[in-house]
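Peer 1: have a look; sequence and predicted model below, questions after that.
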Amino acid sequence: MAAWTTWACGDGRRPDVASSSNVVAQEMVRELPPGGIMADDVFLESADGFDLFGDTIAIADRLAGRIQLFRSDGEHLATLGGPLGPGDPDVLRSPMRVQFAPDGALWVGDPGRASIVRFPSGGGEPQTARLPGAAIATTVGFGVDQVLGAIGLSAQPGFLLAAYGLADGSLNIPNEVPLPQELAFGPVDRISAQHVVMSVGREGEVILLDGIRTTLWRIELEYAPPRIVRISRIAIPDWLVEMTRAEMERIVEGRPGVSAPGFKDMRAGERGVWLVPAIDPVDGVFLPYEEDGRATVLWRDPQRREAWSSRILDDDTAWLMFPGSLMRFTVAVEG
């Protein structure tokens, strides 16, 4: 169990980042409740993904086939799912991605069952959308829009953006939006599941991370009927592109057919996009929508172990997920 502690970065062990990328230096204070995030009788076997809604934290415990809900002070609230029961279509098998909707409903991507599950905010029975096997990328990298529901890549060969909303109490599949040629990925397969991630930022905006080409697309939608009205790119700093591609090439060198994801996760918000690259020593990079090329970087302390995933909120609080624990950092930007 961890005690309250303070850590400041700035030890000179960062990579040589070009000044043109406008990386902002920062300090972080780590705050942990007594006992950490876990209650005495709760054990996280593999914390793969997490999300926050108000004071509630949802953590996907993939190997245990369940979702654990906590308060930010560490109090355990509830367990969703559990050991797989035969004949029960609503039990989770291996949840990897969780995301809260604006109304507090919790959406869960479960590649083990090739499904997306929605847990209503006020309780009640979960709703399950079964996806074709080729749509596993949807369960790994989707976003939640307040009108359309969960949005991810479609398994259809026409390279469509699929929106999964609610209709008459059950999940409605599909509600598809044609993608232009520049965003076509080919059939959604195992490699796509590692590299293509979506998230929803502002209302009617979908952010798509193409990890294969190291590109961020900003897709603006209209709802009735759902269609794309504008596509633009969000600039990723050159240093991050170069480091990410170099790390991917290093991992797959001499291993034909192996694909290395360049990013662990991506979350869009009201102000910008939070990227979690799979490189050392970076735990997260925040890219504002309105400031191309500018980035706020969460550098890893050499004494701190690598986080599995992380995200930053609009109040400049960063959350980092480690095996069995979740840490909160207050980010103070210098300058």
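Peer 2: Good, I have the coordinates.
Peer 1: when you work out contacts or count neighbours from here on, use the C-alpha atoms and nothing else.
Peer 2: OK.
Peer 1: where are the low-confidence patches of the stretch 101-250 of the chain?
Peer 2: Across the stretch 101-250 of the chain, the ranges flagged by pLDDT under 70 are 132-137, 155-176, 184-194.
Peer 1: ranges for the helices of it?
Peer 2: Here the stretch 101-250 of the chain has its helices, by DSSP state H, counting those that start in this stretch, at 136-140, 190-195, 238-252.
Peer 1: could those helices be laid out in TSV, adding mean neighbour count?
Peer 2: Below are the helices of the stretch 101-250 of the chain laid out as TSV (neighbours: other C-alpha atoms under 10 Å):
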stretch	mean neighbour count
helix 136-140	29
helix 190-195	20
helix 238-252	15
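Peer 1: turn those into CSV, including distance to Arg300.
Peer 2: Putting the helices of the stretch 101-250 of the chain into CSV (distance: least, C-alpha to C-alpha, whole Å) gives the following:
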stretch, distance to Arg300
helix 136-140, 25
helix 190-195, 23
helix 238-252, 15
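Peer 1: for the stretch 1-150 of the chain, which segments count as strands?
Peer 2: For the stretch 1-150 of the chain, strands defined by DSSP state E, counting those that start in this stretch occupy the ranges 23-24, 26-31, 47-53, 56-61, 66-71, 76-81, 97-100, 106-110, 115-119, 127-130, 143-145, 149-153.
Peer 1: ok and the last one relative to strand 106-110, angle-wise?
Peer 2: Relative orientation of strand 149-153 with respect to strand 106-110: 30 degrees, computed using axes from the mean of the first three to the mean of the last three C-alpha atoms, to 10 degrees.
Peer 1: got the CA positions of strand 149-153 in PDB?
Peer 2: What follows is strand 149-153, C-alpha atoms only, in PDB (Å, rounded to 0.1, in the frame of the first residue of the first chain):
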ATOM      1  CA  GLY A 149     -24.300   6.000 -28.600                       C
ATOM      2  CA  ALA A 150     -21.100   4.000 -29.100                       C
ATOM      3  CA  ILE A 151     -19.200   4.800 -32.300                       C
ATOM      4  CA  GLY A 152     -16.500   2.600 -33.700                       C
ATOM      5  CA  LEU A 153     -15.200   1.000 -37.000                       C
END
